[in-house]
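Asks: Sequence plus predicted model, see below.
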Amino acid sequence: MGETLHDKFEAVNDDYLKFERIENKRSSRPDVHAFILLDELFPSEREMDLISCAKHDIYYLDIEEERLSKLTDDQILELVRCGISYDDEFDCLFSHV
């Protein structure tokens, strides 16, 4: 069995919130950069917010798990550098506020 999405995010966790390492920034703000990247990679087929739910200091992103499996290692690294993580319990991306 291959590496899971959770494993891929964990493998680059040392780069968590190291936004300064991203060369071609889409925004000067890490969260906005991540949202733009995700919108480019996974355009919505319907008019929906990217944030699907929020609990305490965490917000969860509305991208189906089967679509997330198409993320490349470089895209995962870029998302981690923006503060995006993967929750394997709910099979979704999330970020802390």
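Replies: Alright, I've got the coordinates. Numbering: from 1, shown residues only.
Asks: Nearest residue to Asp49 in space, please, no chain neighbours.
Replies: Of all residues not flanking Asp49 in the chain, Asp62 sits nearest, at 6.9 Å (C-beta to C-beta, 6 or more residues apart in numbering). All C-beta atoms are positioned from the backbone trio N, CA, C, and that covers glycine.
Asks: which residues in this protein form helices?
Replies: 5-11, 30-41, 65-68, 73-81 (DSSP state H).
Asks: Using JSON lines, please lay out those together with mean neighbour count.
Replies: JSON lines is the format used below for the helices of the chain (neighbours: other C-beta atoms under 10 Å):
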{"stretch": "helix 5-11", "mean neighbour count": "16"}
{"stretch": "helix 30-41", "mean neighbour count": "17"}
{"stretch": "helix 65-68", "mean neighbour count": "13"}
{"stretch": "helix 73-81", "mean neighbour count": "18"}
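Asks: My guess is the residue nearest to Asp49 contacts Arg46. True?
Replies: No: with contact defined as C-beta atoms under 8 Å, Asp62 does not count as touching Arg46 (10.3 Å).
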